[in-house]
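*Asks:* Just a sequence and a predicted model for now, questions to come.
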Amino acid sequence: MKKYIFSMLFAIATICLVSCSKLESNMDNQNSIGLSNSNVKKSNSSPNVPECPPGYHWNWDSGKCVADDCPTGYHWDNLKSACVVNTIYVIANPQNPDDSIGSRHNQALSSIMPEVSSTTTDSEVVQLTINYLVPYGYDTTEIWMEYDISDSLRLFGYSAIDSLAYKMYANGEISSTAESYMLDLSSLLNNVIGNNDPIDSIYDVFANDAIYHENEINSDNSLSSDEKTMLLSGYAIARYSAAYWGNYLNSNSGNSPSYQVQMSFLKKFWKQIIGADGAGSVVGGGNAAAHKQHVGHWGLIGGIIGSAAEAVKDFFQSI
């Protein structure tokens, strides 16, 4: 009896193993056919674009949904993939006739920074700038002209405003008075921003000191009108830039594997990128004056390009 039961169980087990093997084989064949058909279909159609929530769009470079634009009081955080609240608030200067250029500069950065990564090239930064500015009446040719002239003169390499001031004065592009005001801005960057943490109390001192010099420039009749616009737009962009990048660096710093090492780098970067903003603006304004173009417009173009390009070179490639 025991032998009979054992024989029956062995037979049942054998049948099950054979059946399961056939079923698995059939499923594998079906799956391979399905994959093959799927691949054929994909090769004949464009890749699917992932769906993003309202107010966001897909960015292939970063592989994330990024905001179309951040609302007032917020800025884009690449690591969190979200708009986050500001901690440093811009101090405006209603006495500066070119103050709006600083505001437009920050709006442009909020729009294009979600598209920027460590692999972004300078020409791609220019194209992102074009995408933002053209709807506001800027001319594509004008933007490329500003970039090409500055690039040929290797002026976008200046993240230190004092070096740029010396060069422009030596070339006869600005007066000694304009050079002096540029050096004042450089001094503020070195002595106020310096290697300090990007916090509101440091920003407030920097912004208020900048406004003091802006008001001096505005009332200094020894400056030409082009020099005034170049300097006032440069100061405005530096003042607005300091708030934008202070917020940006604060929101990104806590994600580093080594917070202390990252913060040490960020302190240096805060000063450096504000300098690149200011220098880019002055370069744009100087080129505009030389080519009889709108100084304020070119200053804005130069500031945006200089800022985003510096971010790619020194920030994204270091985190």
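*Replies:* The structure has been received and is ready for your questions. Bear in mind that the values here come from a model prediction, so they are computed numbers and not experimental data.
*Asks:* Do I have it right that residue 116 meets residue 122?
*Replies:* No - at 11.3 Å, residue 116 and residue 122 do not qualify as touching, with contact defined as C-beta atoms under 8 Å. For glycine as for every other residue, the C-beta is placed from the backbone atoms N, C-alpha and C.
*Asks:* Pick out whichever of the two has more residues nearby.
*Replies:* Applying other C-beta atoms under 10 Å to residue 116 and residue 122 shows that residue 116 carries more neighbours, namely 23 against 15.
*Asks:* so how far is residue 59 from the more buried one?
*Replies:* Separation of residue 116 from residue 59 (C-beta to C-beta, to the nearest Å): 10 Å.
*Asks:* tell me which element residue 65 falls in.
*Replies:* Using DSSP states H and E, residue 65 sits in strand 64-67.
*Asks:* Check which element follows that strand along the chain.
*Replies:* Downstream of strand 64-67, the first helix or strand assigned by DSSP H and E is strand 74-77.
*Asks:* returning to that earlier point: which strands or helices does the strand holding residue 65 pack on?
*Replies:* strand 56-59 (3 or more C-beta pairs under 8 Å, 6 or more residues apart in numbering; DSSP states H and E).
*Asks:* Overlap in contacts, residue 116 and residue 122.
*Replies:* Any residue near both residue 116 and residue 122 by C-beta atoms under 8 Å, 6 or more residues apart in numbering counts here, and not one turns up.
*Asks:* next one: phi and psi at residue 84?
*Replies:* Dihedral angles of residue 84 (phi, psi; degrees, to the nearest 10) stand at phi -120, psi 150.
*Asks:* Next: the one 4 residues further on.
*Replies:* Torsion angles at residue 88 (phi, psi; degrees, to the nearest 10) stand at phi -110, psi 130.
*Asks:* That one: neighbouring residues, count only.
*Replies:* Counted with other C-beta under 10 Å, the neighbours of residue 88 add up to 23.
*Asks:* ok, now which ones touch it?
*Replies:* By C-beta under 8 Å, 6+ apart, the residues touching residue 88 are 198-200, 203, 242-243, 246-247, 250.
*Asks:* What is the end-to-end distance of stretch 181-198?
*Replies:* End-to-end distance for stretch 181-198, by C-alpha to C-alpha, to the nearest Å: 24 Å.
*Asks:* Pick out the most distant pair among the contacts of residue 88.
*Replies:* Pairwise distances across the contacts of residue 88 (C-beta to C-beta) peak at 12.3 Å, for the pair 242 and 250.
*Asks:* who's more crowded, these two?
*Replies:* Ranked by neighbour count (other C-beta under 10 Å), residue 242 and residue 250 place residue 242 first, with 30 against 22.
*Asks:* Apart from its neighbours in sequence, what residue is nearest the more buried one?
*Replies:* Excluding its sequence neighbours, the residue lying closest to residue 242 (C-beta to C-beta, 6 or more residues apart in numbering) is residue 274, at 5.1 Å.
*Asks:* quick check: mean pLDDT across the strand or helix carrying that neighbour?
*Replies:* Taking DSSP H and E as the criterion, residue 274 maps to helix 259-290. Along helix 259-290, the predicted confidence averages to a pLDDT of 66.
*Asks:* Tell me where the stretch 101-250 of the chain has helices.
*Replies:* Assigned by DSSP state H, counting those that start in this stretch, the helices in the stretch 101-250 of the chain fall at 122-133, 140-152, 161-170, 176-188, 200-219, 225-253.
*Asks:* mind listing what's buried in the longest one?
*Replies:* Spelled out, that is helix 225-253. 226-253 (16 or more other C-beta atoms under 10 Å).
*Asks:* Packing partners of that helix?
*Replies:* When contacts are defined as 3+ C-beta pairs under 8 Å, 6+ apart, helix 225-253 sits against strand 74-77, helix 99-112, helix 176-188, helix 200-219, helix 259-290, helix 295-310.
*Asks:* repeat that with 10 Å
*Replies:* When contacts are defined as 3 or more C-beta pairs under 10 Å, 6 or more residues apart in numbering; DSSP states H and E, helix 225-253 packs onto strand 74-77, strand 82-85, helix 99-112, helix 161-170, helix 176-188, helix 200-219, helix 259-290, helix 295-310.
*Asks:* in the third one, what's buried?
*Replies:* Judged by neighbour count using 16+ other C-beta under 10 Å, the buried positions of helix 99-112 are 99, 101-102, 104-112.
*Asks:* Adding pLDDT, write the residues you listed out as a markdown table.
*Replies:* Shown next, in a markdown table, are the buried residues of helix 99-112 (pLDDT from 0 to 100):
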| residue | pLDDT |
| --- | --- |
| 99 | 93 |
| 101 | 85 |
| 102 | 87 |
| 104 | 85 |
| 105 | 85 |
| 106 | 87 |
| 107 | 86 |
| 108 | 84 |
| 109 | 84 |
| 110 | 85 |
| 111 | 84 |
| 112 | 81 |
